[in-house]
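Engineer: take a look and give me a structure for this.
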Amino acid sequence: MRAIVVDEQGAEPRLADGLEESELLEGAVELDVLYSSFNYKDGLALAGRGIVRSWPLIPGIDLVGRVTSSDVEGWRAGDLAVLNGDGLGEYRHGGFATRARVRPDALVRLPETITPLRAAAIGTAGFTAMISVLALEDGGVGPDEGEVLVTGAAGGVGSVAISLLAGRGYRVVASTGRAGEQADYLSGLGAARTIDRRELSEAVGKPLQEQRWAGAIDSVGSTTLANVLAQTSYGGTVAACGLAQGPDLPASVLPFILRGVTLTGANSVDAPRALRQRAWDALAAEIDRGLLDGMTETIGLDDARAHAAEILRGRVRGRTVVDVNR
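Structural biologist: Sure thing, here's the model as predicted:
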């Protein structure tokens, strides 16, 4: 077994060959891991920035693999499966390894129309994006209600969210810190226009501002989310799924009381099985394979540690697949 291992708080992650999986892994379903993906949380884990809560630990917050054996009904050798969140890479051993043993509770059968590589490209970021899109749908935000904002637009969640929303007919506005550099990329994903993130991130504005957004998907938090809420139209829904700017929310209750705005969370880690299945069924039906392929790069397990610095500095756009057997 080959894996990246974080041995203790602050320790440099190591790439280990010849590990005995019995020393590290436990779970009712065993898999050969085919791919993982690289997400912002993985960058934090490899940089020792507070995500890992148990040591030693294999990072990687998702995986796509082929079942080799199972102690539970419903899974058998040869089945292809995808697992997002459920504590992987935080307090359960994750996908940056050639083998895994996992709980069946959050394991989803890979849809037949999605290849393992594309499933990894979708990954936790794409899964989170779809949960967020479904939250807007459940909140009554339809394509004819007005513009929908996506913050952190060039990142993994933002990129997939834009393509999914555009595919559903929404007019999408993309907020990014690299507006000039990324405008063509975001337009290619389906964004109608791009704005500079500084419009939202530099200072908290009035509790109620001009009504600009029928809904929003926010992966930034903090000041940005406070301003998004203040600018959301009456009856709108905002799905919060990240905290790249910070976990604080310097906002007022006025958008909720006077405009009936709904703030809902999109939690990919603890999502129940029914929501996981709903999201993956929707992804299988709606994901644009060409756009997904165009926003995806593939790296080997050897490259993952260096990739952490790039994603934390905001230099990575789209999706990154980790081929653990390379």
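Engineer: longest helix in this protein, please.
Structural biologist: Looking across the chain with DSSP state H, the single longest helix is helix 116-138.
Engineer: now do the helix or strand just after that one: everything it contacts.
Structural biologist: Next along the chain after helix 116-138, taking DSSP states H and E as the criterion, comes strand 148-150. With CB atoms under 8 Å, 6 or more residues apart in numbering as the test, strand 148-150 has contacts from 136, 141, 158, 161-162, 165, 170-175, 191, 212-218, 228. Bear in mind the C-beta positions are built from the backbone N, C-alpha and C, glycine included.
Engineer: what about 7 Å?
Structural biologist: 136, 141, 158, 161-162, 165, 170-175, 213-217, 228 (CB atoms under 7 Å, 6 or more residues apart in numbering).
Engineer: just stretch 2-15 next, same as before
Structural biologist: Here stretch 2-15 has contacts from 16-17, 19, 45-46, 48, 52, 55-59, 96-98, 301-302, 304-305, using CB under 7 Å, 6+ apart.
Engineer: ok, of those, which come out buried?
Structural biologist: 16, 19, 45-46, 48, 52, 56-59, 96-98, 301, 304-305 (16 or more other CB atoms under 10 Å).
Engineer: which of the contacts of strand 148-150 are buried?
Structural biologist: The buried subset of those - by 16+ other CB under 10 Å - is 136, 141, 158, 161-162, 165, 170-175, 213-217, 228.
Engineer: excluding chain neighbours, what is closest to the residue positioned nearest the centre of the chain?
Structural biologist: What sits nearest the mean C-alpha location of the chain, by CA atoms, centre = their mean, is Ala125, with 1.9 Å. Nearest residue to Ala125, sequence neighbours excluded (CB to CB, 6 or more residues apart in numbering): Gly156, at 3.1 Å.
Engineer: ramachandran coordinates for that neighbour?
Structural biologist: Backbone torsions of Gly156, given as degrees, to the nearest 10, read phi -60, psi -50.
Engineer: need the contact list for it.
Structural biologist: Contacts of Gly156 by CB under 7 Å, 6+ apart are Asn39, Ala125, Gly318, Arg319.
Engineer: ok so, going back, any idea which of the buried ones among the contacts of stretch 2-15 is closest to Asp184?
Structural biologist: Using CB to CB, Ala304 is the member of the buried ones among the contacts of stretch 2-15 that sits closest to Asp184, with 28.3 Å.
Engineer: on that earlier part again, now, which of the contacts of Gly156 sits nearest Glu26?
Structural biologist: Asn39 (23.4 Å).
Engineer: what about Tyr230, distance to Glu145?
Structural biologist: Not quite, residue 230 is Ala, not Tyr. 18 Å (CB to CB, to the nearest Å).
Engineer: more neighbours, these two?
Structural biologist: Ala230 (23 against 18; other CB atoms under 10 Å).
Engineer: now the more buried one: which helix or strand?
Structural biologist: helix 222-231.
Engineer: keep only those of the contacts of stretch 2-15 that are in helices.
Structural biologist: Short answer: the contacts of stretch 2-15 in helices (DSSP H) are Ala45, Leu46, Ala304, Arg305.
Engineer: export those to a markdown table and tack on pLDDT and distance to Ala271?
Structural biologist: Below are the ones in helices among the contacts of stretch 2-15 laid out as a markdown table (pLDDT from 0 to 100; distance: CB to CB, whole Å):
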| residue | pLDDT | distance to Ala271 |
| --- | --- | --- |
| Ala45 | 93 | 20 |
| Leu46 | 93 | 24 |
| Ala304 | 94 | 25 |
| Arg305 | 92 | 28 |
